[in-house]
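**Q** coordinates for the following, if possible.
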Amino acid sequence: MNKFERQSSHTADTQTLPDDIAEELSLLPSEVISVSDAPPISPPAPLSSDEVRTIVISLMLTMFLAALDQTIVATALPTIGRQFQDVSNLSWVITAYLLASTAVAPVFGTLSDIYGRKAMIILSLSLFIVGSVLCAIAPNMPMLILARGLQGLGGGGIMPVVQTVISDVVSPRERGQYQAYFSSVWMVGGILGPVIGGVFAEHLHWSMIFWINLPLAAAALALLLPKMSKIPVFHRKRKVDWLGGVLLMASAVVFMLVLTWGGTRYPWLSPTVLAMVGGAVALAVTFVWHARRADEPFLPLPLLRGSVAPFALTAGGCGLGAITGLTVQLPLYYESVYHLSASEAGLALIPLAAVSTCGAAIAGRTMARAKHYKRVAIVGTSWAALCALGLTVTTLPLWGLLTLMAAFALGLGTTFPVCVVSLQNSVARPQVGTITGAMNFFRSLMSSFTVAAFAAILLIALGADIPLAGEHHAAGAVTLPAEDMRHAFRYVFGAATALMATASLCLIAMEEKPLAGPSVTQPVEMAE
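**A** Have a look, this model is predicted:
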């Protein structure tokens, strides 16, 4: 029996819960879920290694769609603005997608636990395809922005549903390796997006950046749907708490608008921003109040407590926030301090993005073989904090900076597989989608917060208005003194140091629950 068949063979007996699920349930607090709440387990035929490989490839293609559309639009924005003769609203083409995708991540995660993974993957891809078509044929800027919001609804559902399907197919101990594969897909999509978008806008037509999604989505569905019936079923039909879902999405949208507009459209202490902060807090408090009283809340609050969830959520959020914040702001540093062109500054980001996937791969393989799997992430985040500290206190030539940045990314990358698998391993199978959606939701919020925080740090340190967060590419060459920018970025690197130190402390404090799967005393490939 190979390792893939082993994951599904536990469904043959419908009278008892599988051992790995029973073990997970026994480790949970009683207020989260009891064994009697567990759904009947469907007995599909065991998955062969070829079937699992097909599922994984289709899921990687699906996630590539979401990753590509995060960045492919950026380089085509000037062309779109010229055609529609509307430059002032261009930023909303990106903002609408980010707002929608962040707000619906917990929604799709929870609904996949209620209605099943197949229904939600079809829904998310359908929304994404319809949104892509409407974007491609949009006659004006308002319609394009609305279509991007619809596309974001689908894109926001892809990530949590894909990660949840992987949890249904692969045991927790082996799951970290697959998380590393998907990290690589996200990295490739992030790097290729701007290149493809620029080529389409310059040599073909900007609408091609949306038309390309149709064949990719069709291929993903054609590969995935025939295999979905064989995936073990763990969802549990129950009443949907729509009020809780609306409150959660509304608070997320308002908070994201604060992070988007604060310091750019409105001053941080302006009445508008302060009123929006108050509204976001009021909506969040109302959501918590409602969740504590609902019989079956949209996001059960006990899932976010305990000895795993708060620490894994914080560590993962700090890691993603650090890499996102640096990716957004580093081109400004490269251009002003090392006098690189915009394209060269983009290439200089590759060590940060690419090497982090190597760290994720190392962590994933370690999780499959080591009993104390979180140690690799503790070492990795501590190493990343030391590297960021080195960037804070030293001045390096470009090759030295890129080398230290790659070392930083290697340590940071170990965070993601450990946090994802630990979170999914800490809840019962019928709640994996819910906790996965919550994780993606909090990570998106943390990324947006970090981008805004890093920009604010630079503005305060420089004491002047400067183009940030990609605006410097449109504004032309950066003329700020190199020494001033070098000094200001020391505070940014210091903030990254604090984030990685926090991630390391959270991983130390997080309980290391046993992972179901092959025994660590023998090689994974040979385990029965």
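**Q** what ranges of the stretch 201-350 of the chain fall below the confidence cut-off?
**A** For the stretch 201-350 of the chain, the stretches with pLDDT under 70 are 230, 232-238, 342-343.
**Q** just so I have it, where are all the helices in it?
**A** Applying DSSP state H, counting those that start in this stretch to the stretch 201-350 of the chain gives helices spanning 208-211, 213-228, 242-261, 271-293, 309-337, 342-347, 350-369.
**Q** now the stretch 351-500 of the chain
**A** 375-393, 398-413, 415-425, 432-462, 471-475, 482-509.
**Q** adding distance to Thr366 and mean neighbour count, write those out as JSON lines.
**A** For glycine as for every other residue, the C-beta is placed from the backbone atoms N, C-alpha and C. Shown next, in JSON lines, are those (distance: least, CB to CB, whole Å; neighbours: other CB atoms under 10 Å):
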{"stretch": "helix 375-393", "distance to Thr366": "4", "mean neighbour count": "22"}
{"stretch": "helix 398-413", "distance to Thr366": "12", "mean neighbour count": "21"}
{"stretch": "helix 415-425", "distance to Thr366": "9", "mean neighbour count": "29"}
{"stretch": "helix 432-462", "distance to Thr366": "21", "mean neighbour count": "22"}
{"stretch": "helix 471-475", "distance to Thr366": "39", "mean neighbour count": "15"}
{"stretch": "helix 482-509", "distance to Thr366": "13", "mean neighbour count": "20"}
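**Q** looking at those helices, which is closest to Phe298?
**A** Comparing the helices of the stretch 351-500 of the chain against Phe298 with CB to CB, the closest turns out to be helix 432-462 (8.5 Å).
**Q** what packs against the closest one?
**A** For helix 432-462, the elements it packs on are helix 91-115, helix 141-169, helix 242-261, helix 309-337, helix 415-425, helix 482-509, judged by 3 or more CB pairs under 8 Å, 6 or more residues apart in numbering; DSSP states H and E.
**Q** would you turn those helices into CSV with distance to Leu223?
**A** Shown next, in CSV, are those (distance: least, CB to CB, whole Å):
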stretch, distance to Leu223
helix 91-115, 19
helix 141-169, 13
helix 242-261, 30
helix 309-337, 28
helix 415-425, 23
helix 482-509, 35
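**Q** so which of these is the most packed in?
**A** Ranked by average neighbour count under the criterion mean count of other CB atoms under 10 Å, the helices and strands packed on helix 432-462 are headed by helix 415-425 at a mean of 29.
**Q** can I get the CA coordinates of that one in PDB?
**A** Extracted C-alpha coordinates of helix 415-425, given in PDB (Å, rounded to 0.1, in the frame of the first residue of the first chain):
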ATOM      1  CA  THR A 415       7.000  29.400   9.200                       C
ATOM      2  CA  PHE A 416       4.200  28.700   6.700                       C
ATOM      3  CA  PRO A 417       4.000  24.800   6.500                       C
ATOM      4  CA  VAL A 418       4.300  24.500  10.300                       C
ATOM      5  CA  CYS A 419       1.600  27.100  11.000                       C
ATOM      6  CA  VAL A 420      -0.800  25.800   8.400                       C
ATOM      7  CA  VAL A 421      -0.500  22.100   9.400                       C
ATOM      8  CA  SER A 422      -0.500  22.800  13.100                       C
ATOM      9  CA  LEU A 423      -3.800  24.800  12.800                       C
ATOM     10  CA  GLN A 424      -5.500  22.100  10.700                       C
ATOM     11  CA  ASN A 425      -4.200  19.400  13.000                       C
END
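**Q** for that helix, packing partners?
**A** helix 141-169, helix 172-203, helix 309-337, helix 350-369, helix 375-393, helix 432-462, helix 482-509.
**Q** what angle sits between the last one and helix 398-413?
**A** Taking axes from the mean of the first three to the mean of the last three CA atoms, to 10 degrees, one finds helix 482-509 and helix 398-413 inclined to each other by 20 degrees.
**Q** right, I'll leave it there.
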